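Undergrad: The sequence and its predicted three-dimensional model are supplied below.
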Amino acid sequence: MKKNGALQKSLTFWLRTCVRTQALSSLAILNLLLLAGSAQAAEPPIVVGQSLNLGPDSDGGGLRIDAATKGYIASINAAGGVKGRKIELVSLNDDGDPKVHAKNLKQLAEKRGAVAFMNCQDDAACSVATAAASELQVPLVGVMSGLKTLPNADGPWVFRVRPDYEREAVRLAKQLVSMACSRIVIVTDAPASEPVKALRESLARQSLSVAVLETGNSEAATQALLKNLEKGGYHAAAMVVSLKTLERLMDSQITARPEWPRVIVSLSSNHLQTLMAGFKNRSFGFTYVVPNPEILDRPLTQEFQRTMDKYGAGHSSTFVGMEAYVNTKLLVEALQRAPRAEPKPLAAALRAMDNLDLGGFQVSFAKGAASGSSWIDIGIRSRYGQLLN
């Protein structure tokens, strides 16, 4: 009986020791898990930024860019982010003012710690953005301008996906020849600009008759334009105008006047949607530099529509929204490849990209390419409003 009592006491002591040890082990494991979770939660997001015209006087292009960019980043964050870190997108409004655009980029880099800039919106904004990227040494991804003369366009911090205006103009001139248009007028408020020069040279190489008519925001300029259009007997008008001039023409309700040629054409433009809406009962031809978001013939456009349906907005499903989506997808791919989410290694990862397939759309910055893509297509909207391509 004494032996049995001693054995029972030993077993009781052993069980109590095991329970205490197990409790301590469980507590230690729990603490370690909590510490690990806290460390992961404390990992700061990767900040990327963009400055856009989001004001009430914009044509909505900036809002479309912002919606497409936010949608793609939201889909990446929902899938766990980049290497376990979320991406924080900071979008600042510049109201279309290049000076404000430059200030916004400086603020994004120095106060918000942005490791990359995205999506400068037009020629003026992209001119200051490419200069700022080099000065601040922060990569700029997705230059939405075809200017060859951008500051530091071929530098180590600037990454333009789209081709330049010269290559767009060559494609547009060939399209006009195929449409049997031989007398072309370029209507512009910037006759000395690079797009006008590119169009004049490309049209002349196709042996087309080319005239340039300057217009502006005044009633006198508008009436003079109408008189010159009536005299010319032109087959097509190539539009190279600012948003303000375009709105003036539309508000005057003269774009449906008989003086206007039956065919209107344009290079890829950030206010392309406004251009198409402004010329009713006219065939409208235009270049575009990313796949048509309405044609689901490749994985990229299918993915774009799925992502926008779930995370984006309906108004983002446009050419400018598609371009912004491509730029954002490219940046995220570079963040995945870079050893650290910092400007310099990120720029190196972008520059090393060679024939990256984004889903039926290739981008390459290897060998110092000034543009990541040579992809250009022609869209035609009929006089009845159907998009034919």
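TA: Yep, that arrived.
Undergrad: Work out which residue lies at the spatial centre of the chain.
TA: Ala324 (2.2 Å; Cα atoms, centre = their mean).
Undergrad: Check whether that residue really touches Asn119, as I assumed.
TA: Yes. With contact defined as Cβ atoms under 8 Å, Ala324 reaches Asn119; the gap is 5.3 Å. Glycine gets a C-beta too; all of them are placed from N, C-alpha and C.
Undergrad: what do those two both touch?
TA: Taking Cβ atoms under 8 Å, 6 or more residues apart in numbering as the criterion, Ala324 and Asn119 both touch 65, 69, 142, 144.
Undergrad: all strands for the stretch 101-250 of the chain, in order.
TA: Ranges of strands in the stretch 101-250 of the chain, per DSSP state E, counting those that start in this stretch, are 116-120, 140-143, 158-159, 183-188, 209-214, 236-240.
Undergrad: Would you reformat those strands as a markdown table and include mean pLDDT?
TA: Output for the strands of the stretch 101-250 of the chain, formatted as a markdown table (pLDDT from 0 to 100):
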| stretch | mean pLDDT |
| --- | --- |
| strand 116-120 | 97 |
| strand 140-143 | 97 |
| strand 158-159 | 97 |
| strand 183-188 | 97 |
| strand 209-214 | 97 |
| strand 236-240 | 96 |
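Undergrad: Can you pull out the low-pLDDT segments for the protein?
TA: Scanning the chain for pLDDT under 70 picks out 1-42, 384-389.
Undergrad: what residues go with each domain of it?
TA: What automatic domain parsing lists as the domains of the chain is 46-162+296-374, 166-288.
Undergrad: Skipping its backbone neighbours, what lies nearest Arg200 in space?
TA: Spatially, and ignoring its direct neighbours in sequence, Arg200 is nearest to Val210 (5.6 Å; Cβ to Cβ, 6 or more residues apart in numbering).
Undergrad: which residues touch the one you found?
TA: With the criterion set at Cβ under 8 Å, 6+ apart, Val210 makes contact with 184-186, 199-200, 203-204.
Undergrad: Ser317 now?
TA: Taking Cβ under 8 Å, 6+ apart, one finds 293-294, 304-305, 308 in contact with Ser317.
Undergrad: taking these as a set, which two sit the farthest apart in space?
TA: Farthest-apart pair in the contacts of Ser317 is Glu294 and Met308; separation 11.9 Å (Cβ to Cβ).
Undergrad: Look at those two and report which has more neighbours.
TA: Met308 (23 against 13; other Cβ atoms under 10 Å).
Undergrad: From Glu247, how far off is the more buried one?
TA: Applying Cβ to Cβ, to the nearest Å, the value for Met308 to Glu247 is 27 Å.
Undergrad: Equivalent analysis for Pro98, please.
TA: 19 Å.
Undergrad: Same check on Lys83?
TA: In this view, Lys83 and Glu247 are 45 Å apart by Cβ to Cβ.
Undergrad: higher neighbour count, these two?
TA: Each of Lys83 and Glu247 has its neighbours counted (other Cβ under 10 Å); Glu247 has more, 17 against 12.
Undergrad: contacting residues around the residue lying closest to the more buried one once chain neighbours are set aside?
TA: The spatially closest residue to Glu247, leaving aside those adjacent along the chain, is Thr274, at 7.7 Å (Cβ to Cβ, 6+ apart). Applying Cβ under 8 Å, 6+ apart, we find Thr274 in contact with 59-60, 243, 246-247, 250.
Undergrad: Assign a three-state SS to Thr274, would you?
TA: Three-state assignment for Thr274 (DSSP: H, G, I helix; E, B strand; the rest coil): helix.
Undergrad: Look up how far Leu243 lies from it.
TA: 7 Å.
Undergrad: tell me the secondary structure for Leu54?
TA: Classification of Leu54 by three-state DSSP places it in coil.
Undergrad: Same question for Gly96.
TA: Applying three-state DSSP: Gly96 is coil.
Undergrad: What is the burial count for it?
TA: Gly96: 23 neighbours (other Cβ under 10 Å).
Undergrad: going forward can the numbers begin at 49, since that is how I track them
TA: New numbering, starting at 49: the last item is Gly144.
Undergrad: quick one: contacts for the closest residue to it other than its chain neighbours?
TA: Counting by Cβ to Cβ, 6+ apart, Asn101 is the residue found nearest to Gly144 once chain neighbours are left out, at 4.0 Å. Contacts for Asn101 (Cβ under 8 Å, 6+ apart) come out as 109-110, 141-144, 169, 173.
Undergrad: again, only this time at 7 Å
TA: Neighbouring residues of Asn101 by Cβ atoms under 7 Å, 6 or more residues apart in numbering: 110, 142-144, 169.
Undergrad: Take these and lay them out in a markdown table including distance to Ala286.
TA: Formatted as a markdown table, these follow (distance: Cβ to Cβ, whole Å):
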| residue | distance to Ala286 |
| --- | --- |
| Gly110 | 25 |
| Asp142 | 28 |
| Asp143 | 28 |
| Gly144 | 23 |
| Gln169 | 22 |
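Undergrad: and those, which two are the farthest apart?
TA: Spanning the widest gap among these are Asp143 and Gln169, at 11.2 Å by Cβ to Cβ.
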